[in-house]
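Colleague: the sequence and its predicted three-dimensional model are supplied below.
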There are 2 protein chains.
Amino acid sequence: MKVLWVFAHPEPRSLNGSLRDHAVAALEDAGHEVTHSDLYAMGWNPVVTAADFGSDDERLAVGPASARAHEQGSLSPDILAEQNKLQEADVVIIQFPLWWYTMPAILKGWLDRVFVKGFAYGVAHPSLPGRTRRYGEGVLAGKRAMVVTTSGGPGPSLGPRGINGDIDALLFPIQHGALFYVGMEVVPPLLVPAANRLSEDEFDLAAKVLTERVLSIHATDPIPFRSQDAGEYDEQLVLVDAHASGRTDLGIHRRS
Amino acid sequence: MKVLWVFAHPEPRSLNGSLRDHAVAALEDAGHEVTHSDLYAMGWNPVVTAADFGSDDERLAVGPASARAHEQGSLSPDILAEQNKLQEADVVIIQFPLWWYTMPAILKGWLDRVFVKGFAYGVAHPSLPGRTRRYGEGVLAGKRAMVVTTSGGPGPSLGPRGINGDIDALLFPIQHGALFYVGMEVVPPLLVPAANRLSEDEFDLAAKVLTERVLSIHATDPIPFRSQDAGEYDEQLVLVDAHASGRTDLGIHRRS
């Protein structure tokens, strides 16, 4: 398989860097092809500006400007390179340390700049007037994604009733709102907690689990997020009462 | 009151910019003092690097390096300037368009770089051994914060059962994991949905509501997030069974 490994840690000799290196070596040994978007190493610019779109509009409206640039082929070369990597990949790994319970800015800005209108969203639905392709019907369908993240906090504090918020809920905007939105099947994330005080044995175990998780990604059931077009949501894209009745937690957007 | 207005939109003539200008004019008319962190206008760098810490460590460990730099006064001047603005403020407004259901990278990188260890987290708890000041006991206690955001999606799609996720859950990492973590009282957010197709009347209403919300911020009940130290969480910082029993949604971290 072709794996795109998106990595957002400033230090290659960090725990995150070591975990990645271990898994990538195993993937390559097994004959898989790995492409890297090592955002710090690339000096990735995470800030959306008019320069992304080759635009000289007096007033920047990001959606329309990005859609026009996508259509006209005037997107900045660094964005086009990432879009090409995504299109070539079968599997996308998104790895980062949790900073303030979400992605580091450099990774958020990879989503902001690469997932432009016309490429990742705002594409007309083939059969539903007024709808766009998204949530199970996105343009990057057929690819699989997995989030790999580390936290300073211990596991229970990121569990279902932990004070920092359940990891699945914290990752909802990334896993559901971005990766699933654009059509990828997202397998459950790998969280390595208490990451600043891992023993050698714990490191070895985490590296082994990560390697196995990536190698078996096509044999792993994806998170069963609901599609926008299976009758589960109404015209307003609100979940109908028949499903997860009475609940309002983010888990309602998964089939049980 | 002294208001710090953190703004993360690339276009001052956007809906977001117009809403801000309207509210700021009203605040100043009423005799309040407004300081700005207009991140795009400032050319804010959102990427954490070793240069933030005046560090020449061979291997960058962000937490320890930032704590040391904070203690030694060697943090980069742009970070110190933002920390000073925060300390001077009574009220902090965080305004941004929802991009991929969370903050634009430039704002995430304001949190990543300004909220360093020793300033915003990792400060020893005065009475609980092994604990740090956070979640209701943070170092910026006494200040109030409010999130102001816009979305392309219509309101119901960001409601309790909307496909994009409930806005309160989407904002949990910002409101609870960052603003409340560091001690601020966070009042309910203002979401302006369907922001790319607002009528003039709808704009006038949104501007009026925003202005009233900011002017009345001290008369508004904050979101009743639970403190880490009121016996509601156990030693592992997991919510005890007596509260919100049987539930695992993010709403369990609010007192009902």
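Modeller: Perfect, thanks for sending it.

Colleague: what ranges do the strands span in the stretch 101-250 of chain A?
Modeller: With DSSP state E, counting those that start in this stretch, the ranges of strands along the stretch 101-250 of chain A come out as A:144-150, A:185-186, A:190-192.

Colleague: A strand includes A:H36, no?
Modeller: Yes - the assignment for A:H36 (DSSP: H, G, I helix; E, B strand; the rest coil) places it in a strand.

Colleague: which ones are touching the nearest residue to it once chain neighbours are set aside?
Modeller: Spatial nearest neighbour of A:H36, excluding adjacent residues (CB to CB, 6 or more residues apart in numbering or on different chains): A:W5 at 5.3 Å. C-betas here are computed from N, CA, C, even on glycine. The neighbours of A:W5, taking CB atoms under 8 Å, 6 or more residues apart in numbering or on different chains as the test, are A:20, A:24, A:34-38, A:93, A:95.

Colleague: what about stretch A:8-25, average pLDDT?
Modeller: For stretch A:8-25, mean pLDDT rounds to 97.

Colleague: quick one: which of the contacts of A:W5 is most hemmed in?
Modeller: A:I93 (26 neighbours; other CB atoms under 10 Å in any protein chain shown).

Colleague: re the thing from before, beta-bridge partners for the residue nearest to A:H36, please?
Modeller: A:H36, A:I93 (DSSP bridges).

Colleague: re the thing from before, which stretch among the strands of the stretch 101-250 of chain A comes nearest chain B?
Modeller: Closest to chain B of the strands of the stretch 101-250 of chain A is strand A:144-150 (CB to the nearest CB; 11.7 Å).

Colleague: just checking: what are the partner strands of the closest one?
Modeller: Counting by DSSP bridges, strand A:144-150 is paired with strand A:91-97 (parallel), strand A:185-186 (parallel), strand A:190-192 (parallel).

Colleague: before we move on, the earlier item: what is the most widely separated pair among the contacts of A:W5?
Modeller: A:T35 and A:Q95 (13.8 Å; CB to CB).

Colleague: follow-up on the earlier one: can you put the strands of the stretch 101-250 of chain A in TSV and add mean neighbour count and mean pLDDT?
Modeller: As requested, the strands of the stretch 101-250 of chain A are exported to TSV (neighbours: other CB atoms under 10 Å in any protein chain shown; pLDDT from 0 to 100):
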stretch	mean neighbour count	mean pLDDT
strand A:144-150	23	98
strand A:185-186	22	98
strand A:190-192	21	98
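
Colleague: following element in sequence after the helix or strand of chain A with the lowest mean pLDDT, please.
Modeller: In chain A, the helix or strand scored least confidently by mean pLDDT, DSSP states H and E is helix A:62-72, which has a mean of 93. Using DSSP states H and E, the helix or strand that follows helix A:62-72 in sequence is helix A:77-88.

Colleague: how big is the angle separating that next one from helix A:62-72?
Modeller: 70 degrees (axes from the mean of the first three to the mean of the last three CA atoms, to 10 degrees).

Colleague: run through who's touching helix A:77-88.
Modeller: Against helix A:77-88 from outside (CB under 8 Å, 6+ apart): A:2, A:4, A:35, A:37, A:44-45, A:52, A:75, A:92, A:110, A:113-114, A:116, A:119, A:140, A:143.

Colleague: show the buried residues in these.
Modeller: Buried subset of those (neighbour count, 16 or more other CB atoms under 10 Å in any protein chain shown): A:4, A:37, A:44-45, A:52, A:75, A:92, A:110, A:113-114, A:116, A:119, A:140, A:143.

Colleague: can you name the two of those that are farthest apart?
Modeller: A:N45 and A:K143 (24.5 Å).

Colleague: what about the helices in the stretch 101-250 of chain A?
Modeller: A:105-114, A:167-170, A:172-174, A:200-215 (DSSP state H, counting those that start in this stretch).

Colleague: what's the most buried one of those?
Modeller: Highest mean neighbour count of those: helix A:172-174, a mean of 27 (counted as mean count of other CB atoms under 10 Å in any protein chain shown).

Colleague: is any residue of that one near chain B?
Modeller: Yes - Helix A:172-174 lies within reach of chain B by CB under 8 Å from any CB of the partner chain, at A:172-174.

Colleague: kindly report the same for stretch A:197-214.
Modeller: No - in terms of CB under 8 Å from any CB, no part of stretch A:197-214 sits within range of chain B; the closest distance is 11.3 Å.

Colleague: residues of the helix or strand harbouring A:R20 that come out buried?
Modeller: Per DSSP H and E: A:R20 is located in helix A:15-29. Residues of helix A:15-29 classed as buried by neighbour count (16+ other CB under 10 Å): A:15-17, A:19-20, A:22-24, A:26-27.

Colleague: before we move on, back to that, by contact count, what packs against the least confident helix or strand of chain A?
Modeller: Helices and strands touching helix A:62-72, as assessed by 3 or more CB pairs under 8 Å, 6 or more residues apart in numbering or on different chains; DSSP states H and E, are absent.

Colleague: pull out the buried positions in that helix.
Modeller: Residues A:62, A:65-70 are the ones in helix A:62-72 that count as buried (16+ other CB under 10 Å).
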